[in-house]
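Participant: Please work out how this folds:
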Amino acid sequence: MGIDVGVYAGSRRYRDLEGTIPRAPRRHAIGADRSGKKKLPWPVRLFLASLVLPWVVTVGPVSLSISRVILLAMVLPCLVKWIGGASGRIRASDIALLLFCLWSALSLLVVQGPIDAVQPAGILFVETMGAYLVARCYIRDADDFFNMARMLFWIVALLFPFALSEALTGRNFLLELFAAILPSYADAGNDMRAGLRRAQVVFEHAILFGICAGSALPDPSGPGPPHSAVSAVAEDWARWSNGFAIIVIGPNRGHRRAGGVDDVGRAL
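Facilitator: Numbers count the residues shown, from 1 in each chain. The predicted structure is shown next:
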């Protein structure tokens, strides 16, 4: 709990104590030379990189994205590692998410029948529990989280020019490029929002791009430590990221934000 020292700032007692109070760590302390730190585990790097590949692999009646293929390959090893205790003790959140997947599968079974429920229930488990277990098993400390946040942030930063171009011109150049190499997601053909096209970029739908980009854009002025690992990555890009969120992600919400013009002005 913070202490408001404004009233006591001029007192002798405060001046005596001021030198003994540790100051908040500066950004350069967090972003200091990390050459001796471990790198982001390769399963996490592989999964994050797969998110920007829109190629689709068709196996019989099942269409698998590259990220789904990666998760299918890792879900069983991660389950074994999780059950064996290699990723720490089993927590209530683990059980809660597992029960959610089981309840969702049961719901699909009741509503759609056993034949039609197998594929969506399996995909839901792989994409939900599988992705969770990758993080649960391989993001184990602050360095792992810092490296994950940094990689996700730069992925969104690299996609930004293509998202802006798509929002303004209505043409998805990056998806067309990938589609010329291998079968890829279809153009979702989303409608206009606030005068801009909802940017899909390399994702199956514009909403998914909004989720990915939004998760990589923390608010440096929000609650919490002002110099945390994530805000250290984004601090120099705060104005850019806020403008990006308003211009590209904002229209995905389907309505105009109150005071949006003022937000754009402050961001730029």
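Participant: In the stretch 1-150 of the chain, where is pLDDT below threshold?
Facilitator: 1-36 (pLDDT under 70).
Participant: show me where the stretch 101-250 of the chain has strands.
Facilitator: 192-193, 196-197 (DSSP state E, counting those that start in this stretch).
Participant: For the stretch 151-268 of the chain, give me the ranges with low pLDDT.
Facilitator: Residues of the stretch 151-268 of the chain that meet the cut-off, pLDDT under 70, sit at 190, 218-268.
Participant: repeat that for 80
Facilitator: Residues of the stretch 151-268 of the chain meeting the criterion pLDDT under 80: 189-191, 193-195, 217-268.
Participant: circling back to that earlier point, so which of the strands of the stretch 101-250 of the chain is the most packed in?
Facilitator: Ranked by mean neighbour count, the strands of the stretch 101-250 of the chain are led by strand 196-197 with a mean of 18 (mean count of other CB atoms under 10 Å). All C-beta atoms are positioned from the backbone trio N, CA, C, and that covers glycine.
Participant: Quick one: list the elements packing against that one.
Facilitator: helix 142-169 (3 or more CB pairs under 8 Å, 6 or more residues apart in numbering; DSSP states H and E).
Participant: on that earlier part again, with distance to residue 118 added, can I get the strands of the stretch 101-250 of the chain in TSV?
Facilitator: Output for the strands of the stretch 101-250 of the chain, formatted as TSV (distance: least, CB to CB, whole Å):
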stretch	distance to residue 118
strand 192-193	36
strand 196-197	36
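Participant: The ones you listed: which one's closest to residue 68?
Facilitator: strand 196-197 (26.5 Å; CB to CB).
Participant: Partner strands of that closest one and their direction?
Facilitator: Note on strand 196-197: by DSSP bridges, its sheet partners are strand 192-193 (antiparallel).
Participant: so where does residue 85 fall, helix or strand?
Facilitator: Using DSSP states H and E, residue 85 sits in no helix or strand.
Participant: And for it, the neighbour number?
Facilitator: 9 (other CB atoms under 10 Å).
Participant: Got the phi and psi for it?
Facilitator: phi 90, psi 10 (degrees, to the nearest 10).
Participant: residue boundaries of the helices in the stretch 151-268 of the chain?
Facilitator: Per DSSP state H, counting those that start in this stretch, the stretch 151-268 of the chain carries helices over the ranges 173-179, 206-215, 229-234, 238-244, 260-267.
Participant: same deal with the stretch 1-150 of the chain?
Facilitator: 12-18, 27-30, 42-50, 66-83, 92-125, 131-138, 142-169.
Participant: which strands and helices sit next to the third one?
Facilitator: Yep, that's helix 42-50 we're talking about. Counting by 3+ CB pairs under 8 Å, 6+ apart, helix 42-50 packs on helix 66-83, helix 131-138, helix 142-169.
Participant: Could you do the fourth one as well?
Facilitator: In terms of contacts (3+ CB pairs under 8 Å, 6+ apart), helix 66-83 is packed against helix 42-50, helix 92-125, helix 131-138.
Participant: Figure out which of those is closest to residue 202.
Facilitator: Among the helices and strands packed on helix 66-83, helix 42-50 comes nearest to residue 202, with 10.6 Å by CB to CB.
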